[in-house]
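everything below, folded, please.
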Amino acid sequence: MLHVLFFLGGLIVGSFLNVVICRLPAGDSLVLPASLCPECRQRLAWYELVPVLSYLWQRGKCRHCGTAISLQYPLVELATGAAYLGLFLLLGLQPKLLTSLMFISLCIPIVVIDLDRQIIPDQLNLGGAVLGLLAAAVSHTAFTDVLAGGLAGGVIMLLIAIVSRGGMGGGDIKMMAWIGLFLGLKMTMLALFLSFVIGGLASLILILAGRKRRKDFIPFGPFLAAGGFTAYVFGPAILAWYVQNFLH
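Now for the predicted structure:
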């Protein structure tokens with residue numbers, strides 16, 4: 001039963017994250033006005049807002065004007081539901097489950113917004129800093145380690161931005177700072193390493209596939225999210241594997 005509840009809870013959170021993704025970059029309120037069709041501006045009824053099911057029932061189109069509904073909506077809802085369920089199955093009912101859910105709930109809108117608009121809203125980065133400190137309190141992490149992780153993440157990204165002459169944006173710097181608050185110093189170093197490995201591999205694949213050229217800009221927020229979240233959930237196991245296989 002808990003499996004179902006976590007999946008459904010993730011779908012509901014994903015529906016709200018779609019609101020964040022659509023409204024936050026434009027500076028609009030997350031509460032008012034009520035949900036509208038972006039094309040015909042018709043107010044949507046509650047049964048048009050049921051995660052995933054409404055999209056399927058309406059066959060991916062607005063019930064009022066027939067405009068196609070972006071596939072982003074059900075995909076974000078399903079991704080959030082799957083993430084919530086997966087984290088529950090992996091971690092069980094423990095404090096780290098709560099903090100991991102907070103982490104992934106921040107990462108999902110950041111990834112979508114950065115891919116679409118090449119920005120990371122300050123509101124999400126500020127929220128990440130607040131939740132990072134809260135996560136540290138929940139997990140009883142030493143405050144000095146929390147601050148060291150946040151400082152290291154932000155400063156290293158700042159130095160990379162300076163050396164690369166704008167290759168990293170201010171949003172990336174702030175994002176890595178709050179990820180460091182979640183992780184602490186050691187795991188922040190691992191997160192940075194993983195982010196650049198994942199980013200490098202993804203960029204190479206896109207270039208080889210002809211989707212990007214070497215000089216094209218590729219948002220780095222998704223790679224920071226992937227590296228940071230992997231380090232947060234699997235970091236201790238990754239470091240243990242490394243020590244066992246390469247330092248013995």
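
how many other residues sit next to Q94?
Q94 has 10 neighbouring residues, counting by other CB atoms under 10 Å. (Each C-beta comes from the backbone N, C-alpha and C, glycine too.)

swap that for A231, sorry
So A231, with other CB under 10 Å, has 26 neighbours.

next one: it, what pLDDT does it get?
pLDDT for A231: 96.

for the closest residue to it other than its chain neighbours, give me the pLDDT.
Excluding the flanking residues, the one nearest A231 by CB to CB, 6 or more residues apart in numbering is A191, at 3.8 Å. What the model reports for A191 is a pLDDT of 97.

ramachandran angles for A191?
The phi/psi pair for A191 (degrees, to the nearest 10) reads phi -60, psi -40.

can you tell me how far it is from R213?
28 Å (CB to CB, to the nearest Å).

tell me which of those two has more neighbours.
Counted by other CB under 10 Å, A191 and R213 do not tie: A191 has more neighbours, with 27 against 8.

what helix or strand is the most centrally placed residue in the chain on?
In the chain, the residue lying closest to the centroid (CA atoms, centre = their mean) is C107, at 1.1 Å. Per DSSP states H and E: C107 is located in helix 95-117.

domain parsing of the chain, as residue ranges.
The chain breaks down by automatic domain parsing into domains covering 1-93, 118-248.

so of those domains, which one's packed in deepest?
Each of these was given a mean neighbour count from mean count of other CB atoms under 10 Å, and the largest, a mean of 17, is that of domain 118-248.

gap between it and the chain center?
The chain centroid and the centroid of domain 118-248 are separated by 11 Å under CA atoms, centre = their mean, to the nearest Å.
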